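Undergrad: Have a look; sequence and predicted model below, questions after that.
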Amino acid sequence: MPASSQERSALEFLQLVADPQRWALLCELARSDRRVSELTELVDRPQNLVSYHLRALRDAGLVSSRRSSFDARDAYYRVDTGRCLQLLSATGSALQPGLQLAVDRVPAPSRRHQRPRVLFLCTGNSARSQMAEALLEERSGHAVHARSAGSNPKQLHPDAIRVMAERGIDISGCPTKHLQRFARSRFDWIITLCDRVREVCPEFPHHPTVAHWSVADPSLEGDTPEANYAAFQRTADELETRIELLLGQLFSPPVKGNTR
């Protein structure tokens, strides 16, 4: 009996990710956005081979790239978790309909756990990092101790305030802070949201897990106030998606591997 289109799609996906090098790349990108040069070091393979596998993953929609705001000659790669989840679910369903994944929102962690401490960093601490801090605190039911700071703090952007208010979160009174304020503080995770701040991020004590989310600065997108505001909405959506996944990581057993 010839395979159905769903079965063919499932087979193509399994063949794609069954390659050990592609699987290793996906695992690294699930931890942090990376440049090609970093991935070659992490998986210990030559750049031409890494680029070949990244191209295959990108063609399948599992990975995307964005030019670095620090150095436009470089690019950051990220895994499309939504696409991965879609294909994993479809693969299970192709084998047996009862194996289709049920996708539920990550439940708020119990306060019986020790509160993880997470610091979000960007350049101005005026939008992305403030939004991420507020979203993580709210989505975790305040079971996570989240903070944010910047390498060059600016005034909180009004569109960031508006977008968060639409999500029922008031950040209008949040002060902007310089990252040096937290230089001696203990955090479990340090997450950089800006390609520029990643290059100047200091070493923090107590060996926190370090990850990078290459999120575009919404204040630099759009030629009209409406387009600019839409960019802030997209940024909030992206941060919400990433934070839902981060919650699972914060309250799961640690995975061995390079934290940078």
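TA: That came through fine.

Undergrad: Any idea how far the longest helix belonging to the chain is from the middle of the chain?
TA: Using DSSP state H, we find that the single longest helix of the chain is helix 225-250. With C-alpha atoms, centre = their mean, to the nearest Å as the basis, helix 225-250 stands 9 Å off its chain's centre.

Undergrad: Can you give me the buried ones in it?
TA: Neighbour-count burial for helix 225-250, counted by 16 or more other C-beta atoms under 10 Å, picks out 228-232, 235-236, 238-239, 242-243, 246-247, 249-250. For glycine as for every other residue, the C-beta is placed from the backbone atoms N, C-alpha and C.

Undergrad: what do you get for stretch 159-177?
TA: Buried residues in stretch 159-177 (16+ other C-beta under 10 Å): 159-161, 163-164, 169, 171, 174, 176-177.

Undergrad: Tabulate those residues (TSV), appending pLDDT and secondary structure.
TA: Formatted as TSV, the buried residues of stretch 159-177 follow (pLDDT from 0 to 100; DSSP: H, G, I helix; E, B strand; the rest coil):
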residue	pLDDT	secondary structure
159	96	helix
160	97	helix
161	97	helix
163	97	helix
164	97	helix
169	97	coil
171	97	coil
174	94	coil
176	95	coil
177	96	coil
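
Undergrad: now the strands for the stretch 51-200 of the chain?
TA: 63-67, 75-79, 117-122, 145-150, 189-192 (DSSP state E, counting those that start in this stretch).

Undergrad: tell me the mean pLDDT for the third one?
TA: For strand 117-122, mean pLDDT rounds to 97.

Undergrad: Tell me which other helices or strands it touches.
TA: If you count contacts as 3 or more C-beta pairs under 8 Å, 6 or more residues apart in numbering; DSSP states H and E, strand 117-122 packs onto helix 128-139, strand 145-150, strand 189-192.

Undergrad: Reformat these as JSON lines; add mean neighbour count and mean pLDDT.
TA: Converted to JSON lines, those look like this (neighbours: other C-beta atoms under 10 Å; pLDDT from 0 to 100):
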{"stretch": "helix 128-139", "mean neighbour count": "25", "mean pLDDT": "96"}
{"stretch": "strand 145-150", "mean neighbour count": "22", "mean pLDDT": "96"}
{"stretch": "strand 189-192", "mean neighbour count": "24", "mean pLDDT": "97"}
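
Undergrad: Reformat the ones you listed into a markdown table and put distance to residue 75 next to each item.
TA: Shown next, in a markdown table, are the helices and strands packed on strand 117-122 (distance: least, C-beta to C-beta, whole Å):
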| stretch | distance to residue 75 |
| --- | --- |
| helix 128-139 | 19 |
| strand 145-150 | 23 |
| strand 189-192 | 16 |
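
Undergrad: any idea which of the buried residues of stretch 159-177 is closest to residue 12?
TA: residue 163 (37.8 Å; C-beta to C-beta).

Undergrad: correct me, but the closest one touches residue 230?
TA: No: Residue 163 is beyond contact range of residue 230, at 9.9 Å (criterion: C-beta atoms under 8 Å).

Undergrad: where does the stretch 51-200 of the chain dip in pLDDT?
TA: By pLDDT under 70, the weakly predicted segments of the stretch 51-200 of the chain are 98-113.
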